[in-house]
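*Asks:* Sequence first, predicted coordinates after that:
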Amino acid sequence: MLSEGPVEAAPAIVPSEEGWTSPVQRAMLPDMPPTPDLPLVLRQLDAAAMRSRTLAATRAALFDAAFTLLGCHRAACMLAPVNSDGAWSMVIREHDGSTTERAEIPSPAMLFGRPGLASAPWTGEAWALGSIWPSRDADAAVAAWPIEVEEETLAVLVVQWPEGGTTTAERAADGRQLAEHAALPFGTVLRFEELEAVGTGAMRAVARMVDAVSPWTMGRSERVAAWAVELGRRLGLSRRDLRHLELGGLVHDIGKLGIPTAVLDKVGPLTTAERDLIRSHPDLGVQRLAAIPGFAPLLPMVRHHHELLDGSGYPLGLKDDEIPLLVRILTVADVFDAMRSDRAYRPGLDTDALIGVLRSGSGSRFDARVVEVLLALIEEGWEP
């Protein structure tokens, strides 16, 4: 976290063709070693960012490019807040690969003593960054370049050379090109994450609407989603699969909308018609979601989360490998949450009873690998 104390303004800087640079630093040392192949480094940045399309991967690729291209020994990425009233944050990476995170840092304009963030970079000395920067090498040269899309500053690349080192006009120009080139992958991944957050928020709203049908199921879909994602993470699933598990968990019971609460919470035995109505909710859920573009990967989880390995589940009585892995994970998470929760017609099971049911069904009704991971989570005391 950001330590307390005022942030001192940077020393005066002077504009040049390559950006904002200190005349003292220009004369400090001879030129650095020859610049690596700029186009190759930029292609490597693109390839690394596209492989994952996550902010963490894009930032790591930017750091790799900065160390390779600029010969620095410390690099940082300052990230703009999502909301106008939010705070900037920063990740600092050392040459040995270790990282430090800083939250709620001052804006670049405050750190560098300028009223606004211009397109030209700054240079200064490490001490000017104040308490957010590692205290050693206070007199080392630092340079910063904004990463902008359509005049909006998304991030700032900050690099530091060894104490006594400096940059050259060529390195300053390379830094500017690196920051300009990083704008596309950063812009793409940040916009994607914004859309993803909106999508998740919408799905959570739907989940809460579904769970509100009964006072006994409040928060249930979000808990099931959280357990399913953690199970998937422990099983080594990809980010894409984890995303599908999260959304599938949130909407898996959407078919229960429209089923009377009197039936869902009935204390006495269900009639055949009532049982059939409840067992229709997976197919009803698919009918509601099938027409929505992009929801296709979620439909198997919505339709088959009550299927069991021995074929005793519904609606199709699928068995063994006929049930996709994501469905098997969601099923275990769903059954676990249902068994431990109180209902109008029965109390929830205690931990020992839960573990007994899971072990007795492992490999016969439930995927054994998933149950093994869940038992480990229970032993750890993990909770969403």
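*Replies:* Received it, and whenever you're ready, just let me know what you need. What you see is a predicted model; the values in this text were computed from it and never measured.

*Asks:* going forward, measure contacts and count neighbours with C-alpha atoms only.
*Replies:* Noted.

*Asks:* pLDDT (mean, whole number) over the strand or helix carrying residue 41?
*Replies:* Using DSSP states H and E, residue 41 maps to helix 38-52. The predicted model assigns helix 38-52 a mean pLDDT of 75.

*Asks:* Tell me which other helices or strands it touches.
*Replies:* helix 55-70, helix 169-211 (3 or more Cα pairs under 8 Å, 6 or more residues apart in numbering; DSSP states H and E).

*Asks:* Now the following helix or strand past the last one: buried residues?
*Replies:* If you walk from helix 169-211 toward the C-terminus, the next helix or strand you reach (DSSP H and E) is helix 220-234. Using 16 or more other Cα atoms under 10 Å as the burial criterion, the residues of helix 220-234 that qualify are 220-232.

*Asks:* Tell me how far the helix or strand following helix 220-234 lies from the chain's centre.
*Replies:* Counting by DSSP H and E, the next helix or strand C-terminal to helix 220-234 is helix 239-251. Relative to the chain's own centre, helix 239-251 is displaced by 13 Å; criterion: Cα atoms, centre = their mean, to the nearest Å.

*Asks:* hmm, back to that, widest-spaced pair of the buried residues of helix 220-234?
*Replies:* Taking Cα to Cα, the two most distant members of these are 220 and 232; they sit 18.2 Å apart.

*Asks:* can you list the buried residues of helix 220-234 in JSON lines and add distance to residue 302 and pLDDT?
*Replies:* Below are those laid out as JSON lines (distance: Cα to Cα, whole Å; pLDDT from 0 to 100):
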{"residue": "220", "distance to residue 302": "15", "pLDDT": "92"}
{"residue": "221", "distance to residue 302": "12", "pLDDT": "93"}
{"residue": "222", "distance to residue 302": "14", "pLDDT": "93"}
{"residue": "223", "distance to residue 302": "16", "pLDDT": "95"}
{"residue": "224", "distance to residue 302": "13", "pLDDT": "96"}
{"residue": "225", "distance to residue 302": "12", "pLDDT": "95"}
{"residue": "226", "distance to residue 302": "16", "pLDDT": "96"}
{"residue": "227", "distance to residue 302": "16", "pLDDT": "97"}
{"residue": "228", "distance to residue 302": "13", "pLDDT": "97"}
{"residue": "229", "distance to residue 302": "15", "pLDDT": "96"}
{"residue": "230", "distance to residue 302": "19", "pLDDT": "97"}
{"residue": "231", "distance to residue 302": "18", "pLDDT": "97"}
{"residue": "232", "distance to residue 302": "17", "pLDDT": "96"}
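
*Asks:* Quick one: those as a markdown table, columns for distance to residue 308 too.
*Replies:* Shown next, in a markdown table, are these (distance: Cα to Cα, whole Å):
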| residue | distance to residue 308 |
| --- | --- |
| 220 | 21 |
| 221 | 20 |
| 222 | 22 |
| 223 | 21 |
| 224 | 17 |
| 225 | 19 |
| 226 | 21 |
| 227 | 18 |
| 228 | 16 |
| 229 | 20 |
| 230 | 21 |
| 231 | 18 |
| 232 | 18 |
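
*Asks:* any idea which of those residues is the one closest to residue 214?
*Replies:* Proximity of the buried residues of helix 220-234 to residue 214 (Cα to Cα) peaks at residue 220, which lies at 10.4 Å.

*Asks:* for the residue lying closest to the closest one once chain neighbours are set aside, what are its contacts?
*Replies:* Of all residues not flanking residue 220 in the chain, residue 211 sits nearest, at 6.4 Å (Cα to Cα, 6 or more residues apart in numbering). Applying Cα atoms under 8 Å, 6 or more residues apart in numbering to residue 211 gives the contacts 217-221.
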